[in-house]
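Asks: With the input below, show me the fold.
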Amino acid sequence: MKTLKIRMKAHGDMKDITDEVAEYIKECDKESGAVLIFSKGSTGAITTIEYEPGLKKDFPQVMDKIAPYGNDYEHHKTWHDDNGSSHVKASIVGPSLIVPFRDKELILGTWQQIVVVNFDTGDRVREVILQVL
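Replies: Now for the predicted structure:
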């Protein structure tokens with residue numbers, strides 16, 4: 001198992017971690033299998049996307065339409081904070097992903113990268129757990 005620590009800005013910052021996951025696979029003792037990629041915490045998420053400038057802008061904008069920052073969320077009443085939308089967005093996308101690998105190579109599409117997203121309202125150091133299955 002390996003933990004990545006990734007500094008991220010608030011409100012939908014996205015980082016490509018494909019190279020780090022691929023490096024972990026090369027270091028493991030399995031030729032083929034699958035790798036679990038898990039974001040620790042309830043306001044971060046893991047997904048795949050074509051990691052290019054347009055989608056890096058589009059994705060957080062679309063997520064903000066689904067769960068807008070500034071709305072009155074019941075979560076705010078419970079904890080007296082402002083990140084109800086962050087929790088909703090992270091729950092929709094999900095905290096984990098399983099990617100198969102063969103011959104120590106991730107099986108991904110040509111334009112498919114693995115990303116971690118910070119939906120929280122503040123900058124965070126996201127912990128991402130990698131584990132070969």
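
Asks: Which helix or strand contains Val116?
Replies: Here Val116 sits within strand 113-118, counting by DSSP states H and E.

Asks: can you map out the helices along this protein?
Replies: For the chain, helices defined by DSSP state H occupy the ranges 18-27, 53-66, 74-79, 84-93.

Asks: Point out the other helices and strands that the last one packs with.
Replies: If you count contacts as 3 or more Cβ pairs under 8 Å, 6 or more residues apart in numbering; DSSP states H and E, helix 84-93 packs onto strand 44-49, helix 53-66, helix 74-79. (Glycine included, C-beta is placed from N, CA and C.)

Asks: Okay, angle between it and strand 113-118 too, please.
Replies: Orientation check (axes from the mean of the first three to the mean of the last three Cα atoms, to 10 degrees): helix 84-93 against strand 113-118 gives 150 degrees.

Asks: pLDDT score assigned to the closest residue to Ile25 other than its chain neighbours?
Replies: Of all residues not flanking Ile25 in the chain, Phe101 sits nearest, at 5.1 Å (Cβ to Cβ, 6 or more residues apart in numbering). At Phe101, the pLDDT value in this model is 98.

Asks: how much space between Phe101 and Trp111?
Replies: Using Cβ to Cβ, to the nearest Å, one obtains 18 Å as the distance from Phe101 to Trp111.
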